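>>> just coords:
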């Protein structure tokens with residue numbers, strides 16, 4: 001049964017004249033009567049017309065095409081059938097395997113109430129020394145993940161999935177917002193080869209698709225995470241790559257709809273769009289959603305309005321640095337730029353806090369000493385500075401780590417290191433207990449075995 005007829009088409013913007021008895025509302029999904037590949041979401045209704053955005057390409061679509069309502073909104077599978085599967089932004093299976101739906105759920109915003117929110121969640125230890133020491137997390141945290149191509153971002157993501165599932169049985173959801181098809185396929189193949197795919201759900205909105213795809217896939221992925229938290233009563237690890245592409249897609253849609261853009265070309269409701277996403281990523285008494293969100297920095301401008309809005313929701317950030325990767329030290333995390341709200345005396349204890357402060361002091365002084373040595377030589381340093389120099393190199397090496405997901409490439413067995421062991425080892429290095437141990441002995445180890 002038809003509900004209207006298309007009267008104008010402009011890229012992704014579609015205008016439809018509605019029948020008198022159509023009873024259409026915003027959020028409804030419409031479909032071309034004679035071709036189901038053309039689907040539209042109603043975003044505004046004025047008098048007898050409906051303004052829609054096209055969910056797919058409009059190529060070949062013609063004025064006069066009849067449309068009908070097919071649902072009250074976009075839906076995502078809301079059952080255990082999501083595990084080990086890949087979906088597109090609209091909840092359709094992408095892996096080509098048979099799929100039998102059990103239950104569907106609208107992807108609309110389902111922000112939890114203050115009454116349901118649990119802000120006293122327990123720490124979430126990853127077993128990765130450099131993260132647990134310098135940027136520790138707790139369940140429900142939102143962590144920014146900054147880093148370009150080739151610095152080990154995918155390997156770090158896989159290691160987090162491996163460690164958290166192995167130790168705590170935490171399932172994962174990966175959302176590729178504006179992901180390149182090649183990168184998505186590579187990640188999928190690597191997860192299959194590492195036997196990690198069965199513990200996670202993947203949602204992709206490829207860069208080659210229209211901006212509506214990129215704007216919707218993050219909500220679709222969050223529904224999958226909410227199912228695991230609210231229905232399965234589990235903790236969830238959520239990866240979003242890249243949250244900025246979501247903002248960018250919203251801007252492209254706003255331009256198509258002739259909406260007024262504010263400074264830097266963002267829609268006036270950008271903050272509201274970000275808020276709707278971020279407020280759904282949190283902990284309840286039933287479970288938690290802990291997220292790692294890759295953040296693209298346009299033109300390296302950290303003061304960009306959209307970037308600042310996203311960062312304001314982060315509880316910390318992990319920064320991957322190419323210069324550290326070039327030294328052969330992985331994970332290639334810049335400890336000076338990485339941070340966490342958990343680095344507080346009242347939250348992690350005085351011992352951990354003091355060790356972080358002292359380690360950063362040593363490593364900062366080490367950078368200064370490198371410049372002095374390059375000019376004058378190490379013999380010109382005082383005994384105290386010589387100790388700082390050598391101990392800092394041991395610390396730098398110590399925070400490298402053999403990873404489980406890299407075993408087949410490195411030939412080194414992966415190590416999960418408990419935070420107590422990390423604190424003991426760092427304290428012993430700083431106190432000079434290992435001054436007679438060669439620095440190479442600290443490279444790519446778990447905890448130090450005397």
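That came through fine. Just so we're clear, the structure is a prediction, and the values are computed from it rather than from any experiment. Numbering: from 1, shown residues only.

>>> going forward, measure contacts between C-alpha atoms and count neighbours the same way
OK.

>>> Give me the below-cutoff pLDDT ranges for the stretch 51-200 of the chain.
109, 111, 113-119, 149, 181 (pLDDT under 70).

>>> In it, mark out all the strands, start to finish.
For the stretch 51-200 of the chain, applying DSSP state E, counting those that start in this stretch gives strands covering 66-71, 75-77, 86-88, 104-106, 123-124, 137-138, 142-146, 171-179, 200-206.

>>> Can you tell me which of those is nearest to residue 377?
Smallest distance to residue 377 across the strands of the stretch 51-200 of the chain (Cα to Cα): 35.3 Å, for strand 142-146.

>>> Do you have the helices of the stretch 1-150 of the chain handy? List them.
Here the stretch 1-150 of the chain has its helices, by DSSP state H, counting those that start in this stretch, at 129-134.

>>> likewise the stretch 201-350 of the chain?
211-226, 243-256, 270-278, 305-311, 322-326, 345-348, 350-376.

>>> Quick check: can you list the domain ranges of the chain?
4-73, 76-341, 348-442 (automatic domain parsing).

>>> and among the ones you listed, the most buried is which?
Most buried of these, by mean neighbour count (mean count of other Cα atoms under 10 Å): domain 76-341, with a mean of 19.

>>> circling back: can you put the helices of the stretch 201-350 of the chain in CSV and add mean pLDDT?
As requested, the helices of the stretch 201-350 of the chain are exported to CSV (pLDDT from 0 to 100):
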stretch, mean pLDDT
helix 211-226, 93
helix 243-256, 89
helix 270-278, 88
helix 305-311, 86
helix 322-326, 89
helix 345-348, 93
helix 350-376, 92
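
>>> would you turn these into TSV with distance to residue 102?
Shown next, in TSV, are those (distance: least, Cα to Cα, whole Å):
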stretch	distance to residue 102
helix 211-226	14
helix 243-256	29
helix 270-278	25
helix 305-311	35
helix 322-326	45
helix 345-348	42
helix 350-376	47
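
>>> For the nearest residue to residue 162 once chain neighbours are set aside, which residues are in contact?
Leaving aside its sequence neighbours, residue 162 sits nearest to residue 196 (Cα to Cα, 6 or more residues apart in numbering; 6.8 Å). Counting by Cα atoms under 8 Å, 6 or more residues apart in numbering, residue 196 touches 158, 161-162.

>>> ok, residue 196 to residue 299 distance?
Distance of residue 196 to residue 299, computed by Cα to Cα, to the nearest Å: 35 Å.

>>> right, and residue 333 touches residue 326 too?
No - with contacts counted by Cα atoms under 8 Å, residue 333 stays clear of residue 326, the gap being 11.8 Å.

>>> can I assume residue 3 is in contact with residue 19?
Yes - counting by Cα under 8 Å, residue 3 touches residue 19, with 5.5 Å between them.

>>> Distance check, residue 421 against residue 138.
Residue 421 is 19 Å from residue 138, by Cα to Cα.

>>> for residue 380, same thing?
Distance from residue 380 to residue 138, by Cα to Cα: 45 Å.

>>> ok, now residue 386?
Where residue 138 is concerned, residue 386 sits at a distance of 37 Å (Cα to Cα).

>>> hey, where'd the strands end up in the stretch 301-450 of the chain?
Going by DSSP E, counting those that start in this stretch, the stretch 301-450 of the chain shows strands at 316-319, 339-340.

>>> Output those in TSV; the columns should cover distance to residue 256.
Output for those, formatted as TSV (distance: least, Cα to Cα, whole Å):
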stretch	distance to residue 256
strand 316-319	33
strand 339-340	38
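
>>> closest one to residue 408 among those strands?
Closest among those, once you apply Cα to Cα, is strand 316-319, at 25.5 Å.

>>> what does the average pLDDT come to for the closest one?
The pLDDT scores in strand 316-319 average 92.

>>> Residues contacting it, please?
Taking Cα under 8 Å, 6+ apart as the rule, strand 316-319 contacts 131, 135, 141-147, 333-335, 337-341.

>>> What strands line up against that strand, and which way round?
The strands that strand 316-319 pairs with in its sheet are strand 142-146 (parallel), strand 339-340 (antiparallel) (by DSSP bridges).

>>> how about those, which one is nearest residue 247?
The nearest among the strands paired with strand 316-319, by Cα to Cα, is strand 142-146 at 15.2 Å.

>>> ok and that closest one relative to helix 270-278, angle-wise?
110 degrees (axes from the mean of the first three to the mean of the last three Cα atoms, to 10 degrees).

>>> Run the chain-centre distance for strand 142-146.
7 Å (Cα atoms, centre = their mean, to the nearest Å).

>>> Which residues does that strand contact?
Taking Cα under 8 Å, 6+ apart as the rule, strand 142-146 contacts 281, 290-296, 311, 313-320.

>>> one more time with 6 Å
291-295, 314-319 (Cα atoms under 6 Å, 6 or more residues apart in numbering).

>>> Now do residue 68 against residue 10, distance only.
Distance from residue 68 to residue 10, by Cα to Cα: 20 Å.

>>> correction: residue 424
64 Å.

>>> got it, and residue 156?
With Cα to Cα as the criterion, residue 156 and residue 10 are 42 Å apart.

>>> And residue 368, by the same measure?
59 Å.

>>> next one: residue 228
In terms of Cα to Cα, residue 228 sits 39 Å off from residue 10.

>>> Run a quick neighbour tally on the residue nearest to residue 425 when sequence neighbours are not counted.
The shortest distance from residue 425 to any non-neighbouring residue, by Cα to Cα, 6+ apart, is to residue 448 (6.5 Å). Counted by other Cα atoms under 10 Å, the residues lying close to residue 448 total 15.

>>> Let me know the pLDDT of residue 448.
For residue 448, pLDDT reads 92.

>>> what about the closest residue to residue 39 other than its chain neighbours, distance to residue 13?
Leaving aside its sequence neighbours, residue 39 sits nearest to residue 31 (Cα to Cα, 6+ apart; 4.4 Å). For residue 31, the distance to residue 13 equals 14 Å [Cα to Cα].

>>> swap in residue 93?
Distance from residue 93 to residue 13, by Cα to Cα: 26 Å.
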